[in-house]
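In: need a structure here:
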Amino acid sequence: MKNNKPLMWQYVGLAFQLFVSVGLAAYAGWWLDAYFIFSIPLFVWILPLLVIISLLVKVIKDTSS
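Out: Residues are numbered from 1 along each chain as shown. Presented below is the predicted three-dimensional model:
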């Protein structure tokens, strides 16, 4: 168990990064939708989706090497 602590903290950091990034992207999308007055929540859907895709690509790159 002692050898897995650095790996565990790496995944805890990744989870924290995911939650904060998606939260900020959702807030930015909400603000942009209010600013541009869209009838549908376009940016609220697109920005978090882009963040999730980019973080998945990062995880794949980090774990493949």
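
In: going forward, measure contacts between C-alpha atoms and count neighbours the same way
Out: Noted.

In: which helices and strands does the helix or strand hosting residue 57 pack with?
Out: Assessed by DSSP states H and E, residue 57 sits inside helix 42-64. If contacts are counted by 3 or more Cα pairs under 8 Å, 6 or more residues apart in numbering; DSSP states H and E, helix 42-64 sits against helix 5-36.

In: Mean confidence (pLDDT) on the helix it packs on, please.
Out: Averaging pLDDT along helix 5-36 gives 90.

In: hmm, back to that, the inter-axis angle of the helix holding residue 57 versus helix 5-36?
Out: Orientation check (axes from the mean of the first three to the mean of the last three Cα atoms, to 10 degrees): helix 42-64 against helix 5-36 gives 160 degrees.

In: Give me the distance from helix 42-64 to the chain's centre.
Out: 6 Å (Cα atoms, centre = their mean, to the nearest Å).

In: buried stuff in it?
Out: Neighbour counts using 16 or more other Cα atoms under 10 Å place 43-44, 47-48, 51-52, 55 of helix 42-64 among the buried residues.

In: can you list contacts of that helix?
Out: Outside helix 42-64, the residues within contact range by Cα atoms under 8 Å, 6 or more residues apart in numbering are 18, 21-23, 25-30, 32-33.

In: picking that back up, which one of the buried residues of helix 42-64 sits closest to residue 9?
Out: residue 55 (16.9 Å; Cα to Cα).

In: Next one: the closest one relative to residue 39, how far apart?
Out: 29 Å (Cα to Cα, to the nearest Å).

In: next one: residue 26
Out: 17 Å.
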